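Chemist: Below are the sequence and a predicted model; questions follow.
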Amino acid sequence: MSEENITRLTVNNKEVILIGTAHVSKRSVEQVKEVIDAENPDSVCVELDEQRYQSVMQDNQWKDMDIFKVIKEKKASLLLMNMLLSSFQKRMAKQMGVKPGQEMIQGIESAEETGAELVLADRNIQVTFARIWGRVGIWGKAKLMVSVFGSILNNEQITEEELERMKSEDMLNSAMEEITRAFPGLKTPLIDERDQYLAQKIKDAPGEKVVAVLGAAHVPGIKEQLYAEQDLDALNERPPKSKAPKFFAWAIPAMIIAIIAATLITNPAAGMQQIVSWLLWNGSFAALGALFAFGHPAAVATAFVVSPLSSLSPLLAAGWFAGMAQTYFRRPHVTDFEELSEDVYSFKGFKNNKVTRILLVVIFSNIGSTIGSLVGGADVIRLFLQNFF
């Protein structure tokens, strides 16, 4: 059995065997089975949380998705980000003829075959996303979204040999340094904190011999963190929400309404001009957002009509209504849900699949509405200043 990508440690009189894997490598799958069969461990830890465990074990997860519920619960952006983030890995896995996460599935199956206890050792993915989102800032969020969208447009092929080279610590450290430069707030919650969390779960796994199946990027950090005690409760805390966005969400619409009302009282003609400006700028940008997402004409019209009103209420969003209209007139079929796992490989798939089209309509309508609010609000203020000064 090759010892390449295998790290053996002794922690608190417990033998710990770390297997560093590439998530889309055939060799990694084979190595996981070989190590667990040979070592016959008491516990097998896998780099999964409960949500991702259910995801990799259930191929039909998309078929049960309620798209109306996704929109109403404001989860369209989160769902789309999940799809986009998995698309590059899925594309490489398809190229290599490996199911994404197959090495984790192999770890689960081998644990069952050998009678080892299975430990889901990773932190809840929603907590990780929340901690990432809270760190990157407004421009970081925009940059991250552009970067992720760009990944699905990249059809670059990668060889099995290149994948194996990616598992070396030097290349991984270099990649992490590049990520840190591009997104200074990303490495800590995505890698460092999860290293700490994984290390503690591995150390707490029952038995005297533990095998851990991990992405190779985590191995260097876990080797260090295994010898320290980690506070899992602190690592599971979601960042507190800032009150500033909520304040501005109510204050800015109130200011716009007050300015228009004051202008109407002193100069009705100028006040009407403000109203028309607000309606046209706000509605037009929201409609352009829906159009950019290849929305149904009814969704585009809905975005245009609703946006000027929804922008004055933090409780409403133009994208929700545009998404509902898109769903009504372009209702997804069972085949759209069945083909989601394939369609996330490419931009064309995202565009043509009715499910992802709805998500894009929601998101881009909201983006357009936000831009329209800024432009329309600026024009309302300009007209106000002209009238009073």
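Modeler: Looks like it arrived, so ask away. Numbering: from 1, shown residues only.
Chemist: Next up, phi/psi of Asn40, please.
Modeler: The phi/psi pair for Asn40 (degrees, to the nearest 10) reads phi 50, psi 60.
Chemist: residue contacts, it?
Modeler: Shown in contact with Asn40 (Cβ atoms under 8 Å, 6 or more residues apart in numbering): 114, 116, 209. C-beta coordinates here come from the backbone N, C-alpha and C atoms, glycine included.
Chemist: From those, pick the one nearest Lys201.
Modeler: Ala116 (14.8 Å; Cβ to Cβ).
Chemist: Report the backbone C-alpha coordinates of stretch 115-134 in PDB.
Modeler: The C-alpha coordinates for stretch 115-134 follow below in PDB (Å, rounded to 0.1, in the frame of the first residue of the first chain):
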ATOM      1  CA  GLY A 115     -17.700  -2.000  11.200                       C
ATOM      2  CA  ALA A 116     -16.000   1.300  12.000                       C
ATOM      3  CA  GLU A 117     -18.100   4.200  13.500                       C
ATOM      4  CA  LEU A 118     -18.700   6.900  10.900                       C
ATOM      5  CA  VAL A 119     -18.000  10.500  12.100                       C
ATOM      6  CA  LEU A 120     -19.300  13.500  10.100                       C
ATOM      7  CA  ALA A 121     -16.400  15.700  11.100                       C
ATOM      8  CA  ASP A 122     -17.000  19.000   9.200                       C
ATOM      9  CA  ARG A 123     -18.700  22.200  10.300                       C
ATOM     10  CA  ASN A 124     -22.200  22.900   9.000                       C
ATOM     11  CA  ILE A 125     -21.800  24.400   5.600                       C
ATOM     12  CA  GLN A 126     -24.400  27.200   6.300                       C
ATOM     13  CA  VAL A 127     -22.300  28.400   9.200                       C
ATOM     14  CA  THR A 128     -19.200  28.400   7.000                       C
ATOM     15  CA  PHE A 129     -21.000  30.400   4.300                       C
ATOM     16  CA  ALA A 130     -22.300  32.900   6.900                       C
ATOM     17  CA  ARG A 131     -18.900  33.400   8.400                       C
ATOM     18  CA  ILE A 132     -17.400  33.900   4.900                       C
ATOM     19  CA  TRP A 133     -20.100  36.300   3.900                       C
ATOM     20  CA  GLY A 134     -19.700  38.300   7.000                       C
END
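Chemist: Neighbour-wise, give me the winner out of the contacts of Asn40.
Modeler: The member of those that has the most neighbours, counting by other Cβ atoms under 10 Å, is Ala116 with 24 neighbours.
Chemist: For the chain, which segments count as strands?
Modeler: Along the chain, counting by DSSP state E, strands occupy 6-11, 14-21, 43-46, 117-120, 209-215.
Chemist: Show me what counts as buried in the longest helix anywhere in the chain.
Modeler: In terms of residue count, the longest helix belonging to the chain (DSSP state H) is helix 354-388. Of all the residues in helix 354-388, those buried under the rule 16 or more other Cβ atoms under 10 Å are 354-373, 375-377, 379-380, 383-384, 387.
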